[in-house]
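S.K.: What would the 3D arrangement of this be:
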Amino acid sequence: MSKIKAYLIFSENEIFPCESCGAQGTAFGEISCNSSVFGYRNVITDAASEGYITMLTNPMTGNVGIKAEDMDIPIRSAALITHDICSAPSNYRCGYTLSEYLCRHCVPAVAGIDTRALARRIARFGRIRAAVTTEDITKKDKLTEIISLFNNAKPVVLSETESSVSSGNGNRHIVIYNLGGAAREAEAMTTRNMRVTVVPRTYSAQMICALNPYGIIISDGSEAAGISDSLKNNIKEIIELKINTIAVGFGHIICAAALGAETEELNSGHRGQNYSVLCPVKSRIYVTDQNHGYTVKNNSIPRLVGEITQINLSDLTPEAIRYRGYPLETVQYRPDNTSNEHTTGWIYDEFTAKCKGDI
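M.R.: Prediction:
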């Protein structure tokens, strides 16, 4: 079977010939580098990957294929870049290859790129907007057309349900304000015997209050759509309900912005499963899973507003903030769902204990 030519094109008109390993077509987006060694299906279906071209720095992707029952899980990434893709995966649960999964969801992908060199370039010079295409760009008119579309690309529109969804049957009710990645938090709560209602971002503070929750979780989600003033105002009103609240990932960023802190972009972001975080309260260093491109500025959080309780050991950026005057704690990384002393699952454990009145 002949290989299909493809191209990675930067907004500065740089062109890299490569091979197609996904659907045919063209996709635009900002490149996000992810250093995860495993869990590629989780990375490209992560809500935080919405609208980005995901580049995996691990040399080979797709080694264990895709389970048949996972084929209908939607891919959030706009496209995929990898050095090499496995065409003959080895796993007794494998039903399809990664390429077949990408084609099923019409997601372009390219292989044959030195992803680690590109990751170093992004870390050094900053973010890169790009296009992944299988179009014939040997014709100058076609190339010019694709390049011109960089400035006309449609903004990311986040798809979400307008109604609430309930699960679990515990005797304490938790509301999850869904910024796109609520499934992980919902699972963490139901495994801790909590009753969960997931609500879309269109829910106001008054609507949430009417549900009589014992606690609120502001979920992770995609940064691609940005932080609007209306979203910040809604988050601030939710915080001012003074109900036990935690925020995760993108929720951490929005809470800080809503309470007056400044945020900034990271050159290459924190995207991977191996970021070391110091937690002085627990006298531990945790290895965390992260997928974000923004951070809260260290010196922008007044002491009277909140205190930084955990820091990233790679660049000393804040990883967790405890706010004063509100029952609110936020974390930049994704806490583990499991409950034991060696994982960050204690964040969910302490939250549920507060909701139950145990602490």
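S.K.: could you give me the average pLDDT of the lengthiest strand in the chain?
M.R.: The longest strand of the chain (DSSP state E) is strand 263-279. Taken as a whole, strand 263-279 carries a mean pLDDT of 91.
S.K.: for stretch 132-149, same thing?
M.R.: The average pLDDT within stretch 132-149 is 77.
S.K.: Now the longest strand of the chain: buried residues?
M.R.: Neighbour counts over strand 263-279 (16 or more other C-beta atoms under 10 Å) mark T263, L266, S268, G269, H270, R271, G272, Q273, Y275, V277, L278, C279 as buried. Yep, even glycine has a C-beta here, placed from its N, CA and C like the rest.
S.K.: ok now it, how far from the chain's centre?
M.R.: 12 Å (C-alpha atoms, centre = their mean, to the nearest Å).
S.K.: Which other helices and strands does it contact?
M.R.: strand 26-34, helix 115-125, helix 250-258, strand 284-296, strand 306-312, strand 318-323 (3 or more C-beta pairs under 8 Å, 6 or more residues apart in numbering; DSSP states H and E).
S.K.: correct me, but C33 touches N267?
M.R.: No: using C-beta atoms under 8 Å, C33 makes no contact with N267, being 9.9 Å away.
S.K.: so what sits against both of the two?
M.R.: With contacts taken as C-beta atoms under 8 Å, 6 or more residues apart in numbering, C33 and N267 have I122, A123 as neighbours in common.
S.K.: which sections of the chain are below the confidence cut-off?
M.R.: Across the chain, the ranges flagged by pLDDT under 70 are 1-2, 140, 144, 147, 150-163, 359.
S.K.: Spatially central residue in it, please.
M.R.: Note on the chain: the residue nearest the mean C-alpha position is A48, at 2.2 Å, using C-alpha atoms, centre = their mean.
S.K.: Spatially nearest residue to I73, not counting backbone neighbours?
M.R.: T45 (5.3 Å; C-beta to C-beta, 6 or more residues apart in numbering).
S.K.: who are the neighbours in contact with that neighbour?
M.R.: I73, P74, I75, R76.
S.K.: Please list all residues in contact with the residue lying closest to the third one once chain neighbours are set aside.
M.R.: When the adjacent residues along the chain are set aside, I75 lies closest to H105, with 4.5 Å between them (C-beta to C-beta, 6+ apart). Taking C-beta under 8 Å, 6+ apart as the definition of contact, the neighbours of H105 are A23, P74, I75.
S.K.: returning to that earlier point: columns mean neighbour count and distance to L56 on top of the helices and strands packed on strand 263-279, output as a markdown table?
M.R.: Output for the helices and strands packed on strand 263-279, formatted as a markdown table (neighbours: other C-beta atoms under 10 Å; distance: least, C-beta to C-beta, whole Å):
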| stretch | mean neighbour count | distance to L56 |
| --- | --- | --- |
| strand 26-34 | 22 | 6 |
| helix 115-125 | 15 | 7 |
| helix 250-258 | 25 | 21 |
| strand 284-296 | 20 | 12 |
| strand 306-312 | 20 | 21 |
| strand 318-323 | 22 | 23 |
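S.K.: Nearest to L149, out of those?
M.R.: strand 26-34 (6.5 Å; C-beta to C-beta).
S.K.: Show me what that closest one packs onto, helices and strands only.
M.R.: strand 52-56, strand 79-82, helix 115-125, strand 129-133, strand 263-279, strand 284-296.
S.K.: Including distance to T330, could the ones you listed go into JSON lines?
M.R.: Below are these laid out as JSON lines (distance: least, C-beta to C-beta, whole Å):
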{"stretch": "strand 52-56", "distance to T330": "22"}
{"stretch": "strand 79-82", "distance to T330": "30"}
{"stretch": "helix 115-125", "distance to T330": "26"}
{"stretch": "strand 129-133", "distance to T330": "29"}
{"stretch": "strand 263-279", "distance to T330": "12"}
{"stretch": "strand 284-296", "distance to T330": "9"}
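S.K.: which stretch among these comes nearest H252?
M.R.: strand 284-296 (7.4 Å).
S.K.: Okay, helices next: where are they in the protein?
M.R.: Here the chain has its helices, by DSSP state H, at 40-45, 98-104, 115-125, 140-148, 182-190, 205-209, 229-239, 250-258, 346-356.
S.K.: Tell me which of the ones you listed sits most buried.
M.R.: Greatest average neighbour count among the helices of the chain goes to helix 250-258 (a mean of 25), per mean count of other C-beta atoms under 10 Å.
S.K.: residues near S204, how many?
M.R.: By other C-beta atoms under 10 Å, 13 other residues sit near S204.
S.K.: right, and it touches E237 too?
M.R.: Yes: at 7.1 Å, S204 counts as touching E237 under the criterion of C-beta under 8 Å.
S.K.: The helices and strands packed on strand 263-279: which one's closest to I176?
M.R.: Comparing the helices and strands packed on strand 263-279 against I176 with C-beta to C-beta, the closest turns out to be helix 250-258 (9.8 Å).
S.K.: any idea of the angle the closest one forms with helix 182-190?
M.R.: Relative orientation of helix 250-258 and helix 182-190, computed by axes from the mean of the first three to the mean of the last three C-alpha atoms, to 10 degrees: 100 degrees.
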